[in-house]
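Enquirer: here's my sequence, what's the structure:
(2 chains)
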Amino acid sequence: EDQVTQSPEALRLQEGESSSLNCSYTVSGLRGLFWYRQDPGKGPEFLFTLYSAGEEKEKERLKATLTKKESFLHITAPKPEDSATYLCAVHRGGSEKLVFGKGTKLTVNP
Amino acid sequence: KAGVTQTPRYLIKTRGQQVTLSCSPISGHRSVSWYQQTPGQGLQFLFEYFSETQRNKGNFPGRFSGRQFSNSRSEMNVSTLELGDSALYLCASSLQGLAGGDSGANVLTFGAGSRLTVL
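Expert: This next block holds a predicted model:
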């Protein structure tokens, strides 16, 4: 059974304090690993898709990386507007479903 | 470009009733997926439709059903509601679904959800 574990569950940072979120996964035949951001009262918003170990993608202060067992979302010099829940999900080949982790709730204090 | 529209946004039902939720995908998107989000279980896959055909179904009881129309709009229905059905129901659309390759056609765009409370 596909499993996704995110850590930590919650993270508080000061503005400008860089950190990383972890997403560990177990899936047979990974086709893609997705990162989403979810703000309160809204649906998840797409950030990145990673397809193979060693791949990296960047967007503003966010950088996602992928290994064969885990993915990291690095946040550099975060701002209060980066506060949100970050969700990781995996897609197994032959399936039309994403298996999500339970998310990391990030709070960035000014 | 209009996003994914879900209606209603909020609704309250009592146990035993049934509910129908609606999802209008982004124009041109042919795949629609539904997910249930609860604090305890997170997001869980319900089903996915492409060109009016259900391609995948998650591990939910038969009380949960869905359909897709020729214009790609989708509905999901939950019959005989239980307290545990209280959740945020999210719809997502994509051009071709997750199997659409890595060209961006596989990216799921989510709506804001329908918040169901069962009393």
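Enquirer: distance-wise, check residue B:8 relative to residue B:72.
Expert: 20 Å (Cβ to Cβ, to the nearest Å). (Glycine included, C-beta is placed from N, CA and C.)
Enquirer: cool, residue B:18 as well?
Expert: From residue B:18 over to residue B:72 the distance is 24 Å, taken as Cβ to Cβ.
Enquirer: quick one: residues contacting residue A:33.
Expert: A:23, A:25, A:49-51, A:66, A:71, A:88-91 (Cβ atoms under 8 Å, 6 or more residues apart in numbering or on different chains).
Enquirer: please say which of residue B:8 and residue B:72 ends up with more neighbours.
Expert: The neighbour count for residue B:8 versus residue B:72, taken as other Cβ atoms under 10 Å in any protein chain shown, is higher for residue B:72 (21 against 12).
Enquirer: go ahead and confirm the more buried one touches residue B:93.
Expert: Yes. Residue B:72 is within contact range of residue B:93, at 7.5 Å (criterion: Cβ atoms under 8 Å).
Enquirer: any shared contact partners between the two?
Expert: Between them, residue B:72 and residue B:93 share these contacting residues under Cβ under 8 Å, 6+ apart: B:25, B:29, B:32.
Enquirer: and the residues you listed, which is closest to residue B:76?
Expert: residue B:32 (9.5 Å; Cβ to Cβ).
Enquirer: what about the closest one, helix or strand, and which?
Expert: For residue B:32, the host element (DSSP states H and E) is strand B:31-38.
Enquirer: could you pull out the buried residues of that strand?
Expert: For strand B:31-38, the neighbour count (16 or more other Cβ atoms under 10 Å in any protein chain shown) marks B:31-37 as buried.
Enquirer: list the contacts of residue 63.
Expert: This is for chain A. Going by Cβ under 8 Å, 6+ apart, residue A:63 touches A:56-57, A:73-74, A:76.
Enquirer: wait, I meant chain B there
Expert: Contacts of residue B:63 (Cβ under 8 Å, 6+ apart): B:78-80.
Enquirer: next step: the contacts of residue A:63 restricted to helices.
Expert: Secondary structure from DSSP state H places none of the contacts of residue A:63 in helices.
Enquirer: buried subset of those residues?
Expert: Among the contacts of residue A:63, those buried by neighbour count (16+ other Cβ under 10 Å) are residue A:73.
Enquirer: how far away is the nearest residue to residue B:63 once chain neighbours are set aside from residue A:61?
Expert: With sequence-adjacent residues excluded and distances taken as Cβ to Cβ, 6 or more residues apart in numbering or on different chains, residue B:63 is closest to residue B:79, at 4.9 Å. Plainly put, residue B:79 is 45 Å away from residue A:61 if you go by Cβ to Cβ.
Enquirer: hmm, residue A:82 is touching residue A:110, no?
Expert: No. The pair residue A:82 / residue A:110 is not scored as a contact, 11.5 Å apart, by Cβ under 8 Å.
Enquirer: cool, thanks, talk later.
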